[in-house]
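Engineer: Got a predicted model here, sequence first, then my questions.
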Amino acid sequence: MKTCAATRISNTARSRECRPLFLFFVLVTLVCGQAGCAGRPIKYYQLTYPEAVPAAPDAINTTILVGPLEASRLYLDDKIVYGFAGPEMGTYQSHRWDAPPVEILQDSLVRGLRASGRFKAVYTIRSDVNAQYVLRGHLYDFKEVDLNPMVARLNYEVLLRNRKTGDVVWNHIYSHDEPASEKKVSAFAEAMNKNVQRSVQEIQASLEEYFRAHPPN
């Protein structure tokens with residue numbers, strides 16, 4: 001079995017063996033030119049997103065802008081992060097997301113909240129749109145954790161700020177380990193896909209509850 005090149009955040013320098021990889025969300029295969037990875041193809045994975053639908057007649061009459069999430073430098077890169085029960089973490093060199101996790105999560109929130117039809121409109125903060133509310137957050141975990149079974153760990157917090165007053169009026173913390181069907185990177189990617197969708201649905205429900213109690217002007 002070949003060993004997997006990985007970047008470690010650890011005091012140890014032990015190598016980690018790769019598991020067999022049968023890929024599910026493969027986008028592009030390239031030849032890796034990085035040291036220790038010569039000849040190994042890079043596999044990219046993407047999440048699935050719901051299709052956009054028109055706002056429902058009883059949708060909450062507000063527009064939400066979703067800003068970028070803050071995170072450690074590990075999640076500002078496209079390499080898939082793995083970890084263990086302890087503090088040790090690393091990144092795969094030849095298995096990557098199609099975008100950095102902070103961007104994936106921002107896009108998932110925009111497209112998921114928009115597809116719910118429960119809000120008048122949802123855009124990224126880069127859009128030239130005047131809106132009263134901005135959703136921002138901090139991503140803490142977006143990684144494979146080698147437990148039994150292996151899990152896709154997702155942990156992040158989102159805050160809703162009223163742009164008129166500058167006040168944070170709502171916040172929500174999401175933390176969940178989604179079990180993978182088997183110990184393969186492809187199974188981890190599928191589990192993370194489910195976890196992200198679950199988180200967006202939970203945030204949507206919590207936002208609706210807030211706006212029912214505090215109708216926007």
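Structural biologist: Structure's in. What do you need? Numbers count the residues shown, from 1 in each chain.
Engineer: Spell out the residue ranges of the helices in the chain.
Structural biologist: Assignment of helices within the chain using DSSP state H yields the ranges 101-116, 185-213.
Engineer: Could you give the average pLDDT over the shortest one?
Structural biologist: Think helix 101-116. In this model, helix 101-116 has a mean pLDDT of 96.
Engineer: what does it contact?
Structural biologist: Contact partners of helix 101-116, identified using CB atoms under 8 Å, 6 or more residues apart in numbering, comprise 47, 49-53, 64, 66-71, 75-76, 81, 97-99, 119, 121-124, 135, 137, 139, 142, 156, 158, 196-197, 199-201, 203-204, 207. C-beta: built from backbone N, CA, C; applies to glycine.
Engineer: same thing but at 7 Å, please
Structural biologist: Residues from elsewhere that reach helix 101-116 (CB atoms under 7 Å, 6 or more residues apart in numbering): 47, 49-53, 64, 66, 68-69, 71, 75-76, 97, 119, 122-124, 135, 139, 142, 156, 196, 200, 204.
Engineer: between it and helix 185-213, how big is the angle?
Structural biologist: Following axes from the mean of the first three to the mean of the last three CA atoms, to 10 degrees, one obtains 50 degrees for the angle between helix 101-116 and helix 185-213.
Engineer: show me where pLDDT drops low in the chain?
Structural biologist: The chain contains residues with pLDDT under 70 at 1-39, 127.
Engineer: for the nearest residue to residue 208 once chain neighbours are set aside, what are its contacts?
Structural biologist: Setting aside the residues directly before and after it, residue 208 is nearest to residue 118 in space (CB to CB, 6 or more residues apart in numbering), at 5.7 Å. Residues near residue 118 by CB under 7 Å, 6+ apart: 56, 59, 60, 204, 208.
Engineer: and those residues, which are buried?
Structural biologist: The neighbour-count test (16 or more other CB atoms under 10 Å) marks 60, 204 as buried among the contacts of residue 118.
Engineer: For residue 93, state which of the contacts of residue 118 is nearest.
Structural biologist: Distance to residue 93 across the contacts of residue 118 (CB to CB) is lowest for residue 204, with 35.5 Å.
Engineer: I'd like the distance between the closest one and residue 50.
Structural biologist: Distance from residue 204 to residue 50, counting by CB to CB, to the nearest Å: 11 Å.
Engineer: what does residue 212 give?
Structural biologist: Distance, residue 212 to residue 50, by CB to CB: 22 Å.
Engineer: And those two? Which one has more around it.
Structural biologist: Taking other CB atoms under 10 Å, residue 212 and residue 50 do not tie; residue 50 has more neighbours (15 against 9).
Engineer: Perfect, I'm done here.
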